[in-house]
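K.L.:
Got a sequence here, can you build the structure:
(one chain, ligands or ions: 2)
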Amino acid sequence: MNLLLKGGRVIDPSQNLDETGDLLIEKGKIVKKGTDLMPTFTAKDLEVINLAGRVVVPGLIDIHTHLREPGFEYKETIATGSEAALAGGFTTLACMPNTNPVNDNRSVTEFIRGQAAACGLVHIYPIAAITLKSAGDALTEFWDLKEAGAVGLSDDGKPVMNAALMRRALEYAASLDLPVIAHCEDRNLSAGGVMHEGFVSTEVGLAGIPSLAEDVMVSRDLLLAEYTGAPLHIAHVSTAGAVRLIREAKARGVPVTAETAPHYFTLTDEAVRSYDTNAKVYPPLRSAVDAAAIRNGLKDGTLDAIACDHAPHGRTDKEVEFDYAASGLSGLETSLALSLALVHEGFLTLPELIDKMTLQPARILRLPQGTLTAGADADITVIDLDRTWEVDRTLFRSRGRNTPFHGQTLRGKAVLTIVGGAIRYRDF
Ligand code: DOR
Ligand code: ZN
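P.N.:
Ligands and ions are numbered 1, 2, ... in the order given. The predicted structure follows:
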């Protein structure tokens, strides 16, 4: 099938492109962009879609997704996570290794790639563990994992507490051109905590995780990256302190990139007042000052990318006392709309936002996706900026219905998701 996408506002940060026009797709590839394009095909072979008033961007890329397979299929599978991705406008995912077994050896990496290929809905790139079982004691076989298809290394969910081991990981990974993705949390400082430490935690009587737990570890990892010269990517930045430290490190030339997630600039620890376990996430939702710093970090480029940190859980994980509840929220289906709020408020331009959800994630993990240049695979997301819709978790494609946004009305939505020239999701 060939496609002619007509009359949309085409934004492609990889080409500094923002103009209204047509996009011609033949045999799964982008052929060209232009105005009033006429295909070389007969009408029978071609679907023409009028996109006037809509926005056409490279397929969104999420570099921080938990797909839960193998081992926790009741929370999510590669197939259900892929469906959620498509509904959220994502055509490429990188998945974290905290499965069961942990993705710490090539057989697990190969299994994930095999399942992804069998499902074949979106591009899925595995991220492998830095340490065996992500236990923080011994490094995994980086070369072997890279050969098997891992695109990065992370013990996400847990920090590498041993600084000497983290140093070796950075050095070894740099020699293989594999990015290390740090989950920055000093476990001694965060011990026992279940929400952000501050005024609200005192009032509601829940044990706090101080911002310091994140800041101390960000600071250590920046020093390690500076010392070794090895590229470092910092996951799910949530504090004003971390933004400041990363900004200063970038100014010094430290090879660091960083991401945040929509909940860190949308919500604060106030969301935990009701003891809603759907608002329990690590790192925790912080103060309004932190959320404002995260926004500023996105605006000035300190924070390169927006990632979902899609962390689906089952009812039995969440419908328990706050202290015992699993942490994380199901993010793939709300990420775009929550992020578009920054554009609707006039805080980011639309091309700035799309850059953080396409080109920058691709750059961080050195992926070939994230562009609409001629010859590229036709991975495309079409956005209706003004469509308002109510978040209804019972309608999620994801098995994870754990969202603190249930019932909220959001503005902006992916209405067409195309992978390799095939329409995989359509909502108009
Ligand atoms: O809230 C979280 N959930 N934070 C993490 O770092 C891991 C994740 C998960 O796997 O559920
Ligand atoms: Zn995570």
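
K.L.:
Output the lowest mean pLDDT helix or strand found in the chain.
P.N.:
Lowest on mean pLDDT, DSSP states H and E among the helices and strands of the chain sits strand 29-34, with a mean of 90.

K.L.:
Just the CA atoms of that one, as CSV, please.
P.N.:
Output of strand 29-34 as CSV, limited to C-alpha atoms (Å, rounded to 0.1, in the frame of the first residue of the first chain):
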residue,chain,number,x,y,z
LYS,A,29,9.5,4.4,2.6
ILE,A,30,9.2,8.2,2.6
VAL,A,31,9.6,9.3,-1.0
LYS,A,32,9.3,13.0,-0.9
LYS,A,33,7.7,16.0,0.6
GLY,A,34,6.1,18.7,-1.5
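
K.L.:
Give me the distance between the closest residue to Phe111 other than its chain neighbours and ligand 2.
P.N.:
Nearest non-adjacent residue to Phe111, counting by CB to CB, 6 or more residues apart in numbering: Pro70, 6.2 Å away. Where C-beta positions appear, they are placed from N, C-alpha and C, glycine not excepted. Pro70 sits 17 Å away from ligand 2, taking CB to the ion, to the nearest Å as the criterion.

K.L.:
Would you quantify the distance from Pro70 to Asp62?
P.N.:
Distance of Pro70 to Asp62, given as CB to CB, to the nearest Å: 20 Å.

K.L.:
what about these two, which has more around it?
P.N.:
Taking other CB atoms under 10 Å, Pro70 and Asp62 do not tie; Asp62 has more neighbours (29 against 17).

K.L.:
which SS state does the more buried one fall under?
P.N.:
strand (DSSP: H, G, I helix; E, B strand; the rest coil).

K.L.:
Write out the residues of the chain neighbouring ligand 1.
P.N.:
Where the chain comes near ligand 1, counting by CB under 6 Å from any ligand atom, the residues are His66, Asn98, Asp156, Gly157, His183, Val281, Tyr282, Ala311, Ser327, Gly328.

K.L.:
For these, work out which two are farthest apart.
P.N.:
Asn98 and Val281 (14.4 Å; CB to CB).

K.L.:
higher neighbour count, the two?
P.N.:
Val281 (26 against 22).

K.L.:
Do you know the pLDDT at the more buried one?
P.N.:
With respect to pLDDT, Val281 has a value of 98.

K.L.:
So it is in contact with Gly331, correct?
P.N.:
No. Look at Val281 against Gly331 with CB atoms under 8 Å: they stay out of range, at 9.5 Å.

K.L.:
list residues touching both of these two?
P.N.:
Residues touching both Val281 and Gly331 (CB atoms under 8 Å, 6 or more residues apart in numbering): His263, Asp309, Ala311.

K.L.:
which one among the residues you listed gets closest to Val256?
P.N.:
Asp309 (18.4 Å).

K.L.:
Got phi/psi on Val151?
P.N.:
Main-chain dihedrals, Val151, degrees, to the nearest 10: phi -110, psi 0.

K.L.:
check contacts around it.
P.N.:
Residues near Val151 by CB under 8 Å, 6+ apart: Ala94, Tyr125, Pro126, Ile127, Leu178, Pro179, Leu365, Arg366, Leu367.

K.L.:
How about the residues of the stretch 301-428 of the chain by ligand 2?
P.N.:
Neighbours of ligand 2 within the stretch 301-428 of the chain, by CB under 5 Å from the ion: Asp309.

K.L.:
All the helices of the stretch 301-428 of the chain, in order from the start?
P.N.:
315-318, 335-344, 350-357, 359-364 (DSSP state H, counting those that start in this stretch).

K.L.:
quick one: which of the ones you listed is nearest Gly53?
P.N.:
Smallest distance to Gly53 across the helices of the stretch 301-428 of the chain (CB to CB): 13.7 Å, for helix 350-357.
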